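Student: quick one: sequence plus predicted model below, questions after.
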Amino acid sequence: GAVVSQHPSWVICKSGTSVKIECRSLDFQATTMFWYRQFPKQSLMLMATSNEGSKATYEQGVEKDKFLINHASLTLSTLTVTSAHPEDSSFYICSARSLAGSTDTQYFGPGTRLTVL
Amino acid sequence: AQSVTQLDSHVSVSEGTPVLLRCNYSSSYSPSLFWYVQHPNKGLQLLLKYTSAATLVKGINGFEAEFKKSETSFHLTKPSAHMSDAAEYFCVVSDNSPGKFYFGTGTSLTVIP
């Protein structure tokens, strides 16, 4: 149980194009999902909190117009990197919050490797 | 404010010997604490979690961690390291109200054959 998938697992795009990454909770409903960014050999940096049916909450320093988040249903959140640039190249990881069993836990997707040429 | 300090950025052990990965936390609340493992180019897998029940928490793959409030620590241990344990380990404290996670900087575990 508590499986989270991400699609695609890796993507290469040209500078100036937009890329959409999907995050799905496969066997539970998640009213809250989180998007993280991870640079090589570093920890995860929280970018934004995605809430089903409402606007995402972005962390300080994260451009909301560049990283568009849509939490369309209780099992799907998408992150769109708009007008991508080489500095956006990174490993993007989503998580889905589960409140099952009275514990508040996040289950993580396998990540998406984005390379912008 | 919530924060986590992982005291070692890198730990090397020989296969079959004990593993100790250290974590200290700071929290204004009664915290929830987690250990996650990340293998190269993979997402994070939950090893174990503490949520104010038993202070000694058993997780998957033979790992366990002990919550010590007096020391504000949540160290991860395993009696005998296996080659497959080589990975990056993250200690996490949760802000229970909005469910935010605060990550430590990670500890890279190397297992020497």
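Tutor: Structure's in. What do you need? Numbers count the residues shown, from 1 in each chain, chains lettered A, B, ... in the order given.
Student: what lines up beside the lowest-mean-pLDDT helix or strand in chain A in the sheet?
Tutor: The weakest-scoring helix or strand in chain A, judged by mean pLDDT, DSSP states H and E, is strand A:105-108 (a mean of 88). Paired with strand A:105-108 in the same sheet, following DSSP bridges, are strand A:90-98 (antiparallel).
Student: now the partner strand - C-alpha only, PDB.
Tutor: Provided in PDB are the C-alpha atoms of strand A:90-98 (Å, rounded to 0.1, in the frame of the first residue of the first chain):
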ATOM      1  CA  SER A  90      17.200  19.000 -11.400                       C
ATOM      2  CA  PHE A  91      15.600  15.900  -9.800                       C
ATOM      3  CA  TYR A  92      12.000  16.700  -8.900                       C
ATOM      4  CA  ILE A  93      10.300  14.500  -6.300                       C
ATOM      5  CA  CYS A  94       6.700  14.600  -5.200                       C
ATOM      6  CA  SER A  95       5.100  13.100  -2.100                       C
ATOM      7  CA  ALA A  96       1.500  12.500  -1.000                       C
ATOM      8  CA  ARG A  97       0.400  13.000   2.500                       C
ATOM      9  CA  SER A  98      -1.500  10.100   4.100                       C
END
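Student: residues contacting A:Asp65?
Tutor: Applying C-beta atoms under 8 Å, 6 or more residues apart in numbering or on different chains, we find A:Asp65 in contact with A:Thr82. All C-beta spots, glycine's among them, are computed from the backbone N, C-alpha and C.
Student: many thanks, we can stop here.
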